[in-house]
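J.: A predicted structure for the sequence below; I have some questions about it.
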Amino acid sequence: MTDQWYWAILASMGCGLGYYLMHAVLQTNATQMAPSVRGTAVSLFACFLFTGQALGVAAGALIVDGLGIEWVLVFAAMTLPVLGLGFGASLKRKKRLAG
């Protein structure tokens, strides 16, 4: 399996693109939620984003130590699509209520 390293590059590019797209949508919505306090909304968005990343790395490290890296990857592969679909459904519902 080590001779198929190029799959790791494609997977990394796909994951990076997915994360970028989800982050861009969330950041755009953070700037539109409360226009009168846009700076506060964006700073809270950044605070929660980086806090969540730090907590995720800490939790992932505990899982890797106890169970192995495979379980972190399985968990991410199962939860990130659900998270993206949830955000999409929420935005669709918000658009339907506004329009």
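T.: Perfect, I can see it now.
J.: which regions of this structure lie under the pLDDT threshold?
T.: 1-2, 99 (pLDDT under 70).
J.: what's the residue closest to the geometric middle of it?
T.: Nearest to the geometric centre of the chain sits Y19, at 5.4 Å (Cα atoms, centre = their mean).
J.: Pull the contacting residues for it.
T.: Going by Cβ atoms under 8 Å, 6 or more residues apart in numbering, Y19 touches no other residue. Every residue, glycine included, has its C-beta placed from N, CA and C.
J.: just F87 next, same as before
T.: By Cβ under 8 Å, 6+ apart, F87 lies in contact with 22, 25-26.
J.: helix or strand for it, which one?
T.: Assessed by DSSP states H and E, F87 sits inside helix 69-98.
J.: Give the buried residues for that helix.
T.: Buried residues in helix 69-98, defined by neighbour count with 16 or more other Cβ atoms under 10 Å: V72.
J.: Tell me the gap between that helix and the middle of its chain.
T.: Taking Cα atoms, centre = their mean, to the nearest Å, the mean C-alpha location of helix 69-98 is offset from the chain mean by 8 Å.
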